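In: after the sequence you'll find the predicted model.
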Amino acid sequence: MGKKTKIKIDYSICGDGNEIDPRECLRCLKVCEPALFLLHESFGVEEENPYDPQIWRVTPLYPSLCTRCMKCVESCPGKAIQVTW
Ligand code: SF4
Ligand code: SF4
């Protein structure tokens, strides 16, 4: 593959207490064969409110492993994922 793959998640839709709680969805994690998504609490959360159950995110790690299958994009109920290259 030539150009680098970029994977972007719109956190105004998924996570950070917005429309979708990624812990309840997790579809991108399930469909991605190279398993490059990570579910985690937002960084810096300890300075905010560590007990806030809404502060969760999925972050795409290692975009170089992405096969560009687009399954995450297709399965995301909020259309929060963009995969480009
Ligand atoms: S396009 Fe496919 S390989 Fe790439 S992040 Fe999405 S599900 Fe994973
Ligand atoms: S599939 Fe979309 S809405 Fe679901 S956890 Fe992944 S990014 Fe969030």
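Out: Alright, I've got the coordinates. Numbers count the residues shown, from 1 in each chain. Ligands and ions are numbered 1, 2, ... in the order given.

In: report the buried residues of stretch 27-45.
Out: By neighbour count, with 16 or more other C-beta atoms under 10 Å as the criterion, the buried positions of stretch 27-45 are Arg27, Cys28, Val31, Cys32, Leu36, Phe37, Ser42. To be clear about C-beta, it is placed using only N, CA and C from the backbone, and glycine gets the same treatment.

In: first to last residue in stretch 6-19, what's the distance?
Out: Distance across stretch 6-19, first residue to last, is 23 Å (C-alpha to C-alpha, to the nearest Å).

In: that stretch: which residues count as buried?
Out: Ile7, Ile9, Tyr11, Ile13, Cys14, Gly15.

In: just stretch 57-64 next, same as before
Out: For stretch 57-64, by 16+ other C-beta under 10 Å, it's Arg57, Val58, Thr59, Pro60.

In: ligand 2 next: which of these are close?
Out: Val58 (C-beta under 6 Å from any ligand atom).

In: which single one of the buried residues of stretch 57-64 is nearest to ligand 1?
Out: Pro60 (6.0 Å; C-beta to the nearest ligand atom).

In: bridge partners for the spatially most central residue of the chain, pull those for me.
Out: Per C-alpha atoms, centre = their mean, the C-alpha nearest to the average position across the chain is that of Val58, at 3.4 Å. Val58 has these beta-bridge partners by DSSP bridges: Leu39.
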